[in-house]
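**Student:** predicted structure and sequence below. I'll ask about it afterward.
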Amino acid sequence: MTKAVLGIVGGSGLYDLPGLEGAEWRTVESPWGQPSDQLRFGRIGATEIVFLPRHGRGHRLSPSGIDYRANIDALKRAGVTDLVSVSAVGSLKQELFPGAFVVVDQFIDRTVARPSSFFGNGCVAHVSMAHPVAPRLVEQIRSAAEAEAIDHHVGGTYVCMEGPQFSSVAESNLYRSWDASVIGMTNMPEAKLAREAEISYATIAMVTDYDCWHPGHAAVSVEAVIQVLGENRDKAQRLVARLARDFPAEHEPCPIGSDRALDHAIMTAPHARDPALLSKLDAVAGRVLAR
Ligand SMILES: CSC[C@H]1O[C@H](OP(=O)(O)O)[C@H](O)[C@@H]1O
Ligand SMILES: Nc1ncnc2[nH]cnc12
């Protein structure tokens, strides 16, 4: 059994975690680049927490400018076993009104300008993304939301667009025709990289707007997003605090194997592997490369 360390990636409007005991910002270096910020280490109850503000303190980084590989690698180096993203999203469904919390279970990756794998020439690997979200984490988030009496929806598809501009009405309707539930700009390639790093991943999507498809609502604007985030920050923080307090001490094996994703994923023969790439993979793939 491995000790559970709960990572939280704070999205727009969430740049720190109040209530973190013994909290300390620490720099974690990564061979993949510059993480979005220092990592905030601390505890809630008996659970070890590592928090990272995705856009950096002060929201310096745009969705396309975030170094997702450096972030996930740094979280892995910090010992994170389970990672929960808290993200602002637009709603693509009538019933997901601004203020709603959605624990999504699928993603559609529409990003085009972000490195999306730790692997490549010299060490080729293919992990499964059939089920991108760890079911046990979803259950833990669901229980925490129930315990805090926070309305939530479980399940749904998150479309990740490149941005930074919001969608056109035609694009928004296209995603609706795909039966997608919410739209954002950050959960990909984050979820793919977490899978490659064998970190169990889930997202709490906080609906801030109806994007631009809804005839009865104005098209999304930063102003509207900030307002709804402000109204829901307290709920999001309560949800994360409860999740952390009730989190099991040991990371239990993921029923879909998200924590063992590299077991049979690497194709490149040992003699054909690139030592330079292997050395950067020490944290992400050390478990399988060492054997
Ligand atoms: C001002 S809304 C757009 C911004 O917010 C979301 O980011 P995050 O997932 O980090 O909360 C969205 O994806 C955009 O990056
Ligand atoms: N409508 C929207 N589109 C993309 N990202 C968002 N984040 C919050 N609302 C969004």
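**Tutor:** Cool, got the structure. Ligands and ions are numbered 1, 2, ... in the order given.

**Student:** how about the strands in the protein?
**Tutor:** Secondary structure of the chain (DSSP state E): strands at 2-3, 5-10, 21-26, 39-44, 47-53, 82-91, 101-103, 106-109, 152-154, 157-160, 182-184, 200-209, 250-251.

**Student:** Leu278: which of the ones you listed is closest?
**Tutor:** Across the strands of the chain, Leu278 has its closest neighbour in strand 2-3 (22.9 Å, CB to CB). Where you see a C-beta, it was placed from the backbone N, CA and C, and this is true even at glycine.

**Student:** ok, residues contacting that closest one?
**Tutor:** With contact meaning CB atoms under 8 Å, 6 or more residues apart in numbering, strand 2-3 is reached by 48, 79, 81, 249-251.

**Student:** make a ChimeraX selection of the buried ones in these.
**Tutor:** Selection of the buried residues among these in ChimeraX, burial being defined by 16 or more other CB atoms under 10 Å:
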select :48,81,251
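
**Student:** so which of the contacts of strand 2-3 comes closest to ligand 2?
**Tutor:** Thr81 (27.6 Å; CB to the nearest ligand atom).

**Student:** once you drop chain neighbours, what's closest to the closest one?
**Tutor:** His251 (4.0 Å; CB to CB, 6 or more residues apart in numbering).

**Student:** how far away is the one you found from ligand 1?
**Tutor:** Using CB to the nearest ligand atom, to the nearest Å, we find His251 at a distance of 24 Å from ligand 1.

**Student:** quickly list what that residue is bridged to.
**Tutor:** Beta-bridge partners for His251, by DSSP bridges, are Thr2.

**Student:** and it, what does it touch?
**Tutor:** Counting by CB under 8 Å, 6+ apart, His251 has contacts 1-5, 81-82, 200, 259.

**Student:** in the protein, which residue is closest to the centre?
**Tutor:** Ser85 (3.6 Å; CA atoms, centre = their mean).

**Student:** tally of neighbours for the residue of the stretch 1-150 of the chain found nearest ligand 2?
**Tutor:** Nearest residue of the stretch 1-150 of the chain to ligand 2 (CB to the nearest ligand atom) works out as Gly90 at 2.3 Å. For Gly90, the count of nearby residues is 29 (other CB atoms under 10 Å).
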